[in-house]
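S.K.: Quick one, fold the following:
(chains A and B)
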Amino acid sequence: AQTVTQSQPEMSVQEAETVTLSCTYDTSENNYYLFWYKQPPSRQMILVIRQEAYKQQNATENRFSVNFQKAAKSFSLKISDSQLGDTAMYFCAFMNPVNTGNQFYFGTGTSLTVIP
Amino acid sequence: ETGVTQSPTHLIKTRGQQVTLRCSSQSGHNTVSWYQQALGQGPQFIFQYYREEENGRGNFPPRFSGLQFPNYSSELNVNALELDDSALYLCASSLVLSGDETQYFGPGTRLLVL
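M.R.: Residues are numbered from 1 along each chain as shown, chains lettered A, B, ... in the order given. Predicted structure coming up:
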């Protein structure tokens, strides 16, 4: 079975600073996808960024970037220039389309608070 | 482009009752997945529907069942409700075999079982 571990239950960051959220996963597969989702207090899960395992280049989306270390099975999210609207739960997720039927495996989440 | 919608937003039931939750997928998507999210936890996969058939199931008992309709909307049915079924139920849609396997989530239905 695939497992996703987020070892930081809670984090905080000053507005305009940079913060990194950690995620590790366990799989024997070679082809898979990784995602970071954001769930604000209003609860709708929003995609932040995605990474295909076959791509060596780290994904970036504006202020959000990832550090994907395939050999270490690590997928951290860096948020630059943190904004108050970044306050939310962040979930790391894994998906292997071939062997897990597009099922997403989620970590337990990291609660991020941006402090004014 | 219409996003994923779910109804109702909140629901209160008593133990032993049955409940039906509904989901409309994002336009152009052909697959719907259902997740259960207990308080303070990450979502847990219940099952997925593709072409109106179940296409994968998580570790949930048979009293959790579902349907997908020709317009790709979906229902989640839970029979014989238990207190532990209290959770946020999330629906997510995607376009399988498109090369973009991203799942897009609805706002969820908060179910409370008393």
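S.K.: Find the nearest non-adjacent residue to the most centrally placed residue in chain A, please.
M.R.: The central residue of chain A, meaning the one whose C-alpha is nearest the mean C-alpha position (C-alpha atoms, centre = their mean), is A:W36 at 3.1 Å. Leaving aside its sequence neighbours, A:W36 sits nearest to A:V48 (C-beta to C-beta, 6 or more residues apart in numbering or on different chains; 4.3 Å). No exception for glycine: its C-beta is placed from N, CA and C like everyone else's.
S.K.: Could you check how far the one you found is from B:L114?
M.R.: When distance is defined by C-beta to C-beta, to the nearest Å, A:V48 is 35 Å away from B:L114.
S.K.: neighbours of A:M11, just the number please.
M.R.: Look at A:M11: counted by other C-beta atoms under 10 Å in any protein chain shown, it has 15 neighbours.
S.K.: Contacts only, for it.
M.R.: A:M11 makes contact with A:19, A:21, A:110-113 under the criterion C-beta atoms under 8 Å, 6 or more residues apart in numbering or on different chains.
S.K.: Kindly write the PyMOL command that selects the buried subset of those.
M.R.: For anyone working in PyMOL, the buried entries among these, judged by 16 or more other C-beta atoms under 10 Å in any protein chain shown, can be selected with:
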select buried, chain A and resi 19+21+110+112
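S.K.: name the element A:L34 belongs to?
M.R.: Secondary structure from DSSP states H and E places A:L34 in strand A:33-39.
S.K.: got a list of contacts for that strand?
M.R.: A:21, A:23, A:25, A:45-53, A:64, A:66, A:68, A:75, A:77, A:86, A:88-97, A:104, A:106, A:109, B:101-102, B:105.
S.K.: These, buried ones only, as a PyMOL selection?
M.R.: Applying 16+ other C-beta under 10 Å to the contacts of strand A:33-39, the buried members can be selected in PyMOL as follows:
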select buried, (chain A and resi 21+23+25+45+48+49+50+51+53+64+66+68+75+77+86+88+89+90+91+92+93+94+95+96+97+104+106+109) or (chain B and resi 101+102+105)
